[in-house]
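A.B. asks: Based on what follows, work out the 3D shape:
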Amino acid sequence: MSLTSRAAWIHAPVPDQGVTMRTRRALAHYFGQVELRAPGVVMAGLFTEDLVFDIPQPSAAIPWSGALRTREELATFIDRYRADVLPQSFELRQFIVEGSHAIALGELVIWLRKTHQYLRVGFASHYTLQDDLVSQLKIYERSHELDGAEREALGLPDNPEAVSHQVGGVY
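C.D. replies: Purely as a prediction, here's the structure:
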């Protein structure tokens, strides 16, 4: 970082605390809907009409990756994703909000119904809000399959679909 860019950063305007609080409240509502596993159309309603939802990964390798631009695309994506994935745990480790931007860091464990395997997914997501709605959401994730010892340590069943409880939703 050059001295000029460092000076610009130090003297950058402080975001309006009212905007920061509105962003925090809007995202608290968003995560509440995620936990309730609200239908895709409800989740999509928390986004602006001209949204950007992106999981930048090679889409051939990870079927739920790629960019979406409309509420309809997002609603369909969420419903399809939830049909294919059974969440086992979700942990939001850090949540930073400044102005109309937020960063969330966390981890989730999911069961893939099609392949009958568990994945541990570490993620970082960047939210941009406009008028209390999410206008952009970019999710960066890294997944790996859980081996038998990890599943046992987490107390995960061999077939979670046989278990009656579910952890809150994803996305």
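A.B. asks: Look up how far T23 lies from the nearest residue to I55 once chain neighbours are set aside.
C.D. replies: Using Cβ to Cβ, 6 or more residues apart in numbering and skipping the chain neighbours, the partner closest in space to I55 is S65 (4.3 Å). Where you see a C-beta, it was placed from the backbone N, CA and C, and this is true even at glycine. As defined by Cβ to Cβ, to the nearest Å, S65 lies at a distance of 26 Å from T23.
A.B. asks: for the longest helix anywhere in the chain, the distance to its chain's centre please.
C.D. replies: Longest helix of the chain, by residue count under DSSP state H: helix 17-35. Distance of helix 17-35 from the chain centroid (Cα atoms, centre = their mean, to the nearest Å) equals 14 Å.
A.B. asks: Report the buried residues of that helix.
C.D. replies: Within helix 17-35, the residues that qualify as buried are T20, R22, T23, A26, L27, Y30, F31, Q33, V34, counting by 16 or more other Cβ atoms under 10 Å.
A.B. asks: Give me the nearest residue to the fifth one, chain neighbours excluded.
C.D. replies: Counting by Cβ to Cβ, 6+ apart, A102 is the residue found nearest to L27 once chain neighbours are left out, at 5.6 Å.
A.B. asks: Can you tell me what sits against the helix or strand containing that neighbour?
C.D. replies: Using DSSP states H and E, the element containing A102 is strand 101-112. Strand 101-112 is contacted from outside by 23-24, 27, 84-96, 117-129, 146, 154, 156, 160-161, 170, using Cβ atoms under 8 Å, 6 or more residues apart in numbering.
A.B. asks: just stretch 15-25 next, same as before
C.D. replies: Residues contacting stretch 15-25 (Cβ under 8 Å, 6+ apart): V97, E98, G99, S100, H101, A102, Y127, L129, D132.
A.B. asks: pretty sure the first one contacts L27?
C.D. replies: Pointing back at V97 there. Yes - using Cβ atoms under 8 Å, V97 is in contact with L27, at 7.2 Å.
A.B. asks: if we can go back for a sec, can you lay out the buried residues of helix 17-35 as a markdown table showing distance to G45?
C.D. replies: What follows is the buried residues of helix 17-35, written out as a markdown table (distance: Cβ to Cβ, whole Å):
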| residue | distance to G45 |
| --- | --- |
| T20 | 23 |
| R22 | 17 |
| T23 | 17 |
| A26 | 12 |
| L27 | 15 |
| Y30 | 11 |
| F31 | 15 |
| Q33 | 9 |
| V34 | 13 |
